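Enquirer: Need coordinates for the following:
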Amino acid sequence: MRVVVRTDAGPLIGGGHAMRCLTLADAMALNGAEVVFACAVMPDAIANRITGSGHRLVRIPASPELQRKGADWHLPPLGTEAQLEDAKATEALVGTADWLIVDHYLLDARWHSQARSFAAKLLVVDDLGNRPYHCDLLLDQGFGRSASDYEQLVLQDARVLTGSAYTLLRPEFARERQRALARRQETTRVHRLMVSMGTTDPGGMTSEIVETALTTTPDCRIDVVLGPQALSLGRLRHLASGDARVTIHVDSHEMALLMRDADLAIGAAGTTSWERCCLGLPAIALVLAENQRPGALALQEAGAGVVVEDTAPVGSLLKGLLSDPERLSVMSAAAFAIVDGRGTERVVAAMTERQLPLTTDIALRPASMDDAEVLWLWRNDPVTRRQSRNPDAIAWKDHIRWLGPILADPRRVLLIAEQNGTGVGMVRFDPLEPGGHEVSISVASEHRGSGIGKAILKAGCAQIRTTAINAFVQAGNKPSRRMFESLEFKPLRSAEMGFLRYVLKVNDAGAAWRSQD
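Expert: Numbering: from 1, shown residues only. The predicted model follows:
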């Protein structure tokens, strides 16, 4: 397979586009693909990363429009002539492609259509949803995004991958996730702070943040990550030479290790937000570009971080977080549940058409303490929390304190749903007074929309012996309401704090369900 990547990077555009494309390119190369990057604007540091990974990089002529100042989200795409010239220049230098990956805010359907002359299939990577796209596959890894955001913008037969289940992360983040989980569960205070404002260090703010942190956190070690052209580099090296607490990491290839070992981060609200989430690292995130704002605010709403617009409040926020370890634990729990580190392999599976066939065949088994972590992550999933009567993230120690008695109580039933030996969700039955049980279910984020939720609910109801099964469903959650109604749960008229009560009344629920099969 021959893959061509069309992307750019620079002080105004940032390096996130190129780096996430490099992550995907590396994964495609492991699957036997030859990858060529076509770039009009690319700093040497990132270009060296690309070629150092074994990919070829060709530089196409940069049109005057492409070199305009402020080439960012708020400007319209290039004009028609400029886009066509860019696409033709790409073809002239790279030849044909089985897959063409395009990650560029200034290119739209006009460029994509022209590129059909040399590319069999197109993948567009985007996070704006603000222009038409002519592609076979569209990826928006933004937290909280849905396919409906692109419904009117893509071709009718295009496949759309959205949400943090498809976050493009390098494999080292998935490798360090388990160690990070163990470390967060044991950490009680902040010993190590990480500062990372991106390779370009806009405005030289990194040195200002580090100076604030040195004053605010006298007992913390501070790891500072930045690029070789960062404006703050000289000042930071001077600080580090006189203060052993500060360690400078220039163009680091050890981000996963640094994030794993940090207890709190101050960083840009860009692509590194998802790296921090994968490793459960609480963060103060600075919005450095307008396109970062929606994702940053969604993370803050989920409780995984704190968002600021500039450096002024950083000192006071640091003081508050250092004195509130409980809040840091909850932030970490919320972050872990957002990104699992497997997004790249899911995108590669979509490109190579190696997805497992959809099936609703599942097996249930009793949960044990060995399932504590996966149950914790499913419970803290943002979608699950929004649909729960208690929407707060649950800290690890509180989860363990809750889970032990649940497993020990013979009146309660907690089952893990598996598909081909892999956990895909859970179903729980809690006794009610004066009788009956309340059912709760959750589905792993990557399996939502596949029909597995209904299969889990049906299988669980077939195993419980009770007089009635009750469910409390958010009034506005129409898919969940339809699921319960399809399994003959009857809604009651009364609502409780925005939740409707559904009841399945039977003398022997298990026998009733088996009789239908």
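Enquirer: May I ask you to name the longest strand in the protein?
Expert: Counting by DSSP state E, the longest strand found in the chain is strand 422-431.
Enquirer: In the sheet, which strands lie alongside that one, parallel or antiparallel?
Expert: strand 413-419 (antiparallel), strand 437-443 (antiparallel) (DSSP bridges).
Enquirer: a markdown table for those strands, including distance to Arg276?
Expert: C-betas here are computed from N, CA, C, even on glycine. A markdown table is the format used below for the strands paired with strand 422-431 (distance: least, Cβ to Cβ, whole Å):
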| stretch | distance to Arg276 |
| --- | --- |
| strand 413-419 | 28 |
| strand 437-443 | 24 |
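Enquirer: Distance from stretch 85-93 to the middle of the chain?
Expert: Centroid separation between stretch 85-93 and its chain, computed with Cα atoms, centre = their mean, to the nearest Å, is 33 Å.
Enquirer: about what we covered before: closest to Trp274 out of the strands paired with strand 422-431?
Expert: Among the strands paired with strand 422-431, the nearest to Trp274 by Cβ to Cβ is strand 437-443 (21.3 Å).
Enquirer: average pLDDT for the closest one?
Expert: The average pLDDT within strand 437-443 is 94.
Enquirer: Alpha carbons only: can I get it in PDB?
Expert: Listed next in PDB are the C-alpha coordinates belonging to strand 437-443 (Å, rounded to 0.1, in the frame of the first residue of the first chain):
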ATOM      1  CA  HIS A 437     -34.100  -4.900  41.600                       C
ATOM      2  CA  GLU A 438     -32.700  -1.900  39.800                       C
ATOM      3  CA  VAL A 439     -30.700  -2.500  36.700                       C
ATOM      4  CA  SER A 440     -27.700  -0.500  35.500                       C
ATOM      5  CA  ILE A 441     -25.600  -1.100  32.400                       C
ATOM      6  CA  SER A 442     -22.600   0.400  30.700                       C
ATOM      7  CA  VAL A 443     -21.000  -0.200  27.300                       C
END
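Enquirer: Could you list the residues in contact with it?
Expert: 378-379, 381, 384, 413, 424-432, 452-453, 456-457, 460-461, 464, 466, 468-472 (Cβ atoms under 8 Å, 6 or more residues apart in numbering).
Enquirer: For Ala45, give me the pLDDT.
Expert: pLDDT, read off for Ala45, is 85.
Enquirer: buried sites along the longest strand of the chain?
Expert: 423-429 (16 or more other Cβ atoms under 10 Å).
Enquirer: want to throw those residues into JSON lines with distance to Phe499 and pLDDT?
Expert: Output for the buried residues of strand 422-431, formatted as JSON lines (distance: Cβ to Cβ, whole Å; pLDDT from 0 to 100):
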{"residue": "Gly423", "distance to Phe499": "26", "pLDDT": "91"}
{"residue": "Val424", "distance to Phe499": "25", "pLDDT": "93"}
{"residue": "Gly425", "distance to Phe499": "20", "pLDDT": "94"}
{"residue": "Met426", "distance to Phe499": "20", "pLDDT": "96"}
{"residue": "Val427", "distance to Phe499": "18", "pLDDT": "96"}
{"residue": "Arg428", "distance to Phe499": "17", "pLDDT": "96"}
{"residue": "Phe429", "distance to Phe499": "18", "pLDDT": "96"}
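Enquirer: Low-confidence regions, the protein specifically.
Expert: 12, 67-75, 354-360, 493-496, 506-517 (pLDDT under 70).
Enquirer: show me what contacts the spatially most central residue of it?
Expert: The chain has Ser164 as the residue nearest its centroid, 2.9 Å off, counting by Cα atoms, centre = their mean. In this structure, Ser164 makes contact with 141-143, 274, 277, 338-339, 343, 445, judged by Cβ under 8 Å, 6+ apart.
Enquirer: which among those residues end up buried?
Expert: 141-143, 274, 277, 338-339, 343, 445.
Enquirer: just how off-centre is the host helix or strand of Arg179 within its chain?
Expert: Using DSSP states H and E, Arg179 maps to helix 171-186. How far helix 171-186 lies from its chain's middle: 16 Å, per Cα atoms, centre = their mean.
Enquirer: What residues sit buried inside stretch 201-221?
Expert: Result for stretch 201-221 [16+ other Cβ under 10 Å]: buried residues 201-202, 205-214, 216-217, 220-221.
Enquirer: Pretty sure Asp340 sits against Tyr166.
Expert: No. If you go by Cβ atoms under 8 Å, Asp340 and Tyr166 don't touch, sitting 10.7 Å apart.
Enquirer: tell me which element the closest residue to Ala87 other than its chain neighbours falls in.
Expert: Computed as Cβ to Cβ, 6 or more residues apart in numbering, the closest residue to Ala87 that is not its neighbour in sequence is Gln114, at 3.9 Å. Using DSSP H and E, Gln114 maps to helix 109-115.
Enquirer: what does Cys461 give?
Expert: Going by DSSP H and E, Cys461 is part of helix 452-463.
Enquirer: okay, the angle between whatever helix or strand comes next after that helix and helix 452-463?
Expert: Per DSSP H and E, the first helix or strand lying C-terminal to helix 452-463 is strand 468-474. Angle of strand 468-474 versus helix 452-463, following axes from the mean of the first three to the mean of the last three Cα atoms, to 10 degrees, is 160 degrees.
Enquirer: So for the very next helix or strand once past strand 468-474, what gets flagged as buried?
Expert: Remark: after strand 468-474, the chain's next helix or strand is helix 478-486, criterion DSSP H and E. By 16+ other Cβ under 10 Å, the buried positions in helix 478-486 come out as 480-481, 483-484.
Enquirer: Repeat that for stretch 339-356.
Expert: 339-348, 350-351.
Enquirer: could you dump the helix or strand containing Ala82 to PDB, C-alpha only?
Expert: According to DSSP H and E, Ala82 maps onto helix 80-94. Output of helix 80-94 as PDB, limited to C-alpha atoms (Å, rounded to 0.1, in the frame of the first residue of the first chain):
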ATOM      1  CA  THR A  80     -10.000  27.600  -6.000                       C
ATOM      2  CA  GLU A  81      -7.000  28.300  -8.200                       C
ATOM      3  CA  ALA A  82      -4.600  28.000  -5.300                       C
ATOM      4  CA  GLN A  83      -6.100  24.700  -4.200                       C
ATOM      5  CA  LEU A  84      -6.000  23.200  -7.700                       C
ATOM      6  CA  GLU A  85      -2.400  24.200  -8.100                       C
ATOM      7  CA  ASP A  86      -1.500  22.700  -4.700                       C
ATOM      8  CA  ALA A  87      -3.100  19.400  -5.600                       C
ATOM      9  CA  LYS A  88      -1.400  19.300  -9.000                       C
ATOM     10  CA  ALA A  89       2.000  20.100  -7.400                       C
ATOM     11  CA  THR A  90       1.400  17.200  -4.900                       C
ATOM     12  CA  GLU A  91       0.600  14.800  -7.700                       C
ATOM     13  CA  ALA A  92       3.600  15.900  -9.700                       C
ATOM     14  CA  LEU A  93       6.000  15.100  -6.800                       C
ATOM     15  CA  VAL A  94       4.400  12.000  -5.300                       C
END
